[in-house]
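Colleague: Quick one, structure for this:
(one chain, ligands or ions: 1)
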Amino acid sequence: MCSCPSCYKVASITRACAVVRSRKKSERRGVRVSHPRRLRPVACITSGFFITMKGRLFIPLRRDRYFDVQLNHHALKKLADKKVRSLTITPDSLVFCYSDDIKSIPVARVYGVDRNEKNITFGDKEMVTHVDVKKVVKIRQTTREVIGSFRRNDVRIRRRLARKYWSRANHRTNHILHAATNFIVETAARNGAALAIEDLTGIRKMYRRGNGQGADYRFRLNAWPHWRAKKMLDYKAAWNGVTVIQLTKSETYGSSSTCSACGEKLRAPLRGDVAYARMLWCPGCKAWMDRDAYAALSLSARGRSRFARSLSSRLETGEEESRSQQPTSSSTPIAKEKGLADEAVTGNGTMKTLILRVDASKLTRWREPKS
Ligand SMILES: [Zn+2]
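Modeller: A predicted model of the protein is given here:
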């Protein structure tokens with residue numbers, strides 16, 4: 001008999017089943033599946049572990065043998081009076097999964113969030129805030145220079161050093177991004193605002209080798225971690241009950257070149273005009289304004305219109321549902337419950353989510369009107 005605790009067996013069987021299931025699904029749909037690869041070393045167990053009163057976590061090793069580790073104050077504070085559903089063990093982390101009821105904040109206004117390599121600008125007509133993230137690009141440039149200066153005549157050592165420097169750079173940039181996104185989400189939560197984020201997929205294509213741009217220029221514009229910042233905003237907004245409006249490419253078309261107030265085409269200052277660098281002139285409003293502020297404002301306006309549209313469409317479909325349910329009034333409570341549950345799980349099939357508004361990305365995808 002194998003002495004491995006049953007929780008690990010269950011975990012590995014579940015994982016294997018999931019892999020097989022998704023492969024079969026892909027094959028059914030006609031999507032080409034790759035050869036099964038080695039999975040990352042991860043164990044996700046739902047039983048067998050426990051946390052003592054003093055905050056010591058016991059992870060089963062063998063029958064009646066445990067590995068124990070003391071959790072820190074932060075982890076204990078977060079896990080207090082929560083029911084831990086599962087524990088995921090990876091080579092360098094322990095992940096606790098718990099469910100939490102998050103009250104979504106009613107949307108009073110919409111903040112547009114414009115990301116660029118110098119700052120993150122967010123706000124609406126009343127207030128625009130720049131969060132300075134210049135340092136992110138600076139850190140990555142310095143790291144690149146440092147790595148480029150290695151002269152040791154052994155590629156393995158050079159690579160090992162480069163890995164070390166890049167991981168350090170990532171830690172530093174993550175720290176800056178966390179601080180910036182925390183600030184944005186906290187401000188939005190305090191003011192009852194939703195965040196309108198633009199879709200930046202494909203931005204790397206603009207600065208690729210062969211586009212006639214210099215290597216340093218391409219590096220500078222590609223150094224900014226757009227995707228990571230967006231991810232952070234997404235999940236932090238979900239944790240705080242802030243709504244995220246994901247604008248599509250067509251919705252944000254020309255958001256940084258047209259005025260959100262009058263719709264006039266904006267004009268850039270003359271080349272070498274230092275006084276109005278990074279400013280734009282609106283011929284309609286007869287005013288100079290910061291180009292990032294313009295972008296944030298127009299994203300806010302577009303997000304607001306999208307939000308109003310999806311809200312009205314949701315109300316319409318809700319009315320239709322209730323109308324269609326009227327004939328089968330014999331089973332009204334069940335039908336009603338069904339309707340509610342259907343609403344809650346749209347988009348994720350059989351999974352029953354207890355938390356409706358936490359998965360921000362799913363919610364916004366669901367809201368997207370089909371056209
Ligand atoms: Zn204008």
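
Colleague: Now stretch 11-20: average pLDDT?
Modeller: If you average the pLDDT over stretch 11-20, you get 88.

Colleague: List the buried residues for that stretch?
Modeller: If you call a residue buried by 16 or more other CB atoms under 10 Å, then stretch 11-20 has these buried ones: A11. From N, CA and C alone the C-beta is placed, and that goes for glycine too.

Colleague: repeat for stretch 277-286
Modeller: For stretch 277-286, a neighbour-count test (16+ other CB under 10 Å) marks 279-282 as buried.

Colleague: Is there proximity between that stretch and the ion?
Modeller: Yes. For stretch 277-286 and the ion, the contact criterion (CB under 5 Å from the ion) is met by 282, 284-285.

Colleague: Now render the residues you listed as TSV, adding distance to E251, secondary structure and pLDDT.
Modeller: Formatted as TSV, the residues of stretch 277-286 next to the ion follow (distance: CB to CB, whole Å; DSSP: H, G, I helix; E, B strand; the rest coil; pLDDT from 0 to 100):
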residue	distance to E251	secondary structure	pLDDT
C282	21	strand	86
G284	21	coil	85
C285	22	coil	84
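
Colleague: What residues does the closest residue to T248 other than its chain neighbours make contact with?
Modeller: Leaving aside its chain neighbours, T248 sits nearest to D199 (5.7 Å; criterion: CB to CB, 6 or more residues apart in numbering). By CB atoms under 8 Å, 6 or more residues apart in numbering, the residues touching D199 are 246-249, 252.

Colleague: Kindly recompute the last result at 10 Å.
Modeller: By CB atoms under 10 Å, 6 or more residues apart in numbering, the residues touching D199 are 230, 246-252.

Colleague: Among those residues, name the buried ones.
Modeller: Buried among the contacts of D199 (16+ other CB under 10 Å): 230, 246-247, 251-252.

Colleague: Figure out the helix or strand that the residue nearest to T248 lives in.
Modeller: Take DSSP states H and E as the rule and D199 turns out to sit in neither a helix nor a strand.

Colleague: Can you check the pLDDT for it?
Modeller: pLDDT, read off for D199, is 87.

Colleague: Over to the closest residue to the ion within the stretch 101-250 of the chain: give its phi and psi.
Modeller: Nearest residue of the stretch 101-250 of the chain to the ion: K125, at 12.2 Å (CB to the ion). The phi/psi pair for K125 (degrees, to the nearest 10) reads phi -60, psi -30.

Colleague: quick one: which of the buried residues of stretch 277-286 is nearest the ion?
Modeller: For the buried residues of stretch 277-286, the nearest to the ion is C282 (3.6 Å; CB to the ion).

Colleague: Could you report the separation of the closest one from A162?
Modeller: 46 Å (CB to CB, to the nearest Å).

Colleague: What of R151?
Modeller: On the measure of CB to CB, R151 and A162 end up 13 Å apart.

Colleague: Next: G263.
Modeller: Distance from G263 to A162, by CB to CB: 49 Å.

Colleague: Looking at those two now, which is surrounded by more residues?
Modeller: A162 (17 against 12; other CB atoms under 10 Å).

Colleague: quick one, what contacts that one?
Modeller: 143-144, 146-148, 150, 155.

Colleague: Give the buried residues for the helix or strand it falls within.
Modeller: Applying DSSP H and E as the criterion places A162 in helix 155-190. Residues 162, 169, 172-173, 176-177, 180-181, 184-185, 187-189 are the ones in helix 155-190 that count as buried (16+ other CB under 10 Å).

Colleague: any idea of the mean pLDDT in that helix?
Modeller: 93.

Colleague: Could you list the paired strands of the next helix or strand after it along with their orientation?
Modeller: Note on helix 155-190: by DSSP H and E, the next helix or strand toward the C-terminus is strand 193-197. If you go by DSSP bridges, strand 193-197 pairs up with strand 109-115 (parallel), strand 244-246 (parallel).

Colleague: closest to G55 out of those?
Modeller: strand 244-246 (33.6 Å; CB to CB).

Colleague: pLDDT of that closest one, averaged?
Modeller: 91.

Colleague: Helix or strand: which one has V69?
Modeller: strand 65-70.

Colleague: Downstream of that strand, the next helix or strand is which one?
Modeller: Later in the chain than strand 65-70, the nearest helix or strand by DSSP H and E is helix 73-79.

Colleague: tell me the mean pLDDT for that next one?
Modeller: 88.

Colleague: List the buried residues of that helix.
Modeller: L79.

Colleague: and what of stretch 136-149?
Modeller: Buried, per 16+ other CB under 10 Å, within stretch 136-149: 136-137, 139-140, 143-144, 147.

Colleague: residues making contact with it?
Modeller: Against stretch 136-149 from outside (CB under 10 Å, 6+ apart): 117-120, 135, 158-159, 161-166, 168-177, 180, 215-216, 219-225, 228-229.
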